[in-house]
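Undergrad: Just to be clear, the model below is a prediction. Sequence and coordinates:
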Number of protein chains: 2
Amino acid sequence: MNKLNPWYVTGLTEGEGSFCVSFNLKRRLTTGIETRPSFSLTLNRRDLNLLKDIRAFFGCGAIRFSRSDRTYKYESRSIKDIRKRIIPHFMKFPLRGEKLKDFWNFRKICRMISANQHLSVKFLPEIIKLAYEMNPSGKRKYSKEYLLRVLDEVKG
Amino acid sequence: MNKLNPWYVTGLTEGEGSFCVSFNLKRRLTTGIETRPSFSLTLNRRDLNLLKDIRAFFGCGAIRFSRSDRTYKYESRSIKDIRKRIIPHFMKFPLRGEKLKDFWNFRKICRMISANQHLSVKFLPEIIKLAYEMNPSGKRKYSKEYLLRVLDEVKG
């Protein structure tokens, strides 16, 4: 297994990768909302071996099979891995398309998470705003407005 | 506009590129069938500038807008450009996933076209066979069996 060239990984990510921050309702949290960052790369099932090379390249994350669309997805969700391994790669070998804008928001949000700002009703609205500027074509469980209303109630 | 890194171009192609050989019925040809090779790369409309960088990188081909799926497609169809500019790139900076198999068939077919074998009823069946092994998920105007029947009639 030859190591992948880092620019190749960036090129593949430009097409098939995704920087995403999703939110779940969690009553036990002070904010009522859980923040989950993830970097993922989805390929056709015939390319499972390539995803294994990607996993080896980043040295973190996991691969899962999605039955619904018969694809494999490499995903890194740990904020520690994302900040230590994923973000530095894309700083050194930057994206060239519009996905770069997603990356900048993702990076900002991950910095805020590392500073525990996602646990504060003061900073979470900013995180939600940045997250909803990303992946314009993606589907969301909750609307931005709904999440901000949840936060208002918690503050209430 | 900074030049794209060649490995980045290969990585992007792994996800969004396509090597394809299509066929059309043309009565004026001896074989009755026209052979059309093409290398293409399709991106969301927000990434038109990136496609322009791709065009500049290869120094050939054209960009077109597809209304049906609201994407832009870079495409190189000239056999001369494909053999001089596209194929050498992917020989030097090879694909890593299953698309590599498509590339090998594409390369074989382009060599045969350069030797005018696509104009001969003797060699065209081999070209059709190689072409239909590629892009298993792609849609075809004619089935392989239909094209071979057309050839049989011409030979008849």
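TA: Ah, there it is.

Undergrad: Identify the residues contacting the residue positioned nearest the centre of chain A.
TA: Geometric centre of chain A, nearest residue: residue A:38, 2.7 Å, by CA atoms, centre = their mean. Residues near residue A:38 by CB atoms under 8 Å, 6 or more residues apart in numbering or on different chains: A:18, A:19, A:20, A:21, A:22, A:75, A:76, A:77, A:82. Using the backbone N, CA and C atoms, a C-beta is placed for each residue, glycine as well.

Undergrad: Likewise for residue A:94?
TA: A:10, A:100, A:103.

Undergrad: Could you report the neighbour count for residue A:51?
TA: 23 (other CB atoms under 10 Å in any protein chain shown).

Undergrad: quick one: which helix or strand includes it?
TA: helix A:48-58 (DSSP states H and E).

Undergrad: Is that helix positioned near chain B?
TA: Yes - using CB under 8 Å from any CB of the partner chain, helix A:48-58 reaches chain B at A:49, A:50, A:53.

Undergrad: Identify all contacting residues around that helix.
TA: A:1, A:3-4, A:6, A:9, A:12, A:41, A:43, A:61-63, A:72-74, A:76, A:81, A:85-86, A:89, B:14, B:96-98.

Undergrad: In helices only, show me those.
TA: Using DSSP state H, the members of the contacts of helix A:48-58 that fall in helices are A:6, A:9, A:12, A:81, A:89, B:14.

Undergrad: quick one: which of those is most hemmed in?
TA: residue A:12 (27 neighbours).

Undergrad: which non-adjacent residue is nearest that one?
TA: residue B:11 (3.9 Å; CB to CB, 6 or more residues apart in numbering or on different chains).

Undergrad: Just confirm that neighbour contacts residue A:17, I think it does.
TA: No - at 9.9 Å, residue B:11 and residue A:17 do not qualify as touching, with contact defined as CB atoms under 8 Å.

Undergrad: In terms of neighbours, single out the busier of those two.
TA: residue B:11 (31 against 25).

Undergrad: Perfect, that will be all.
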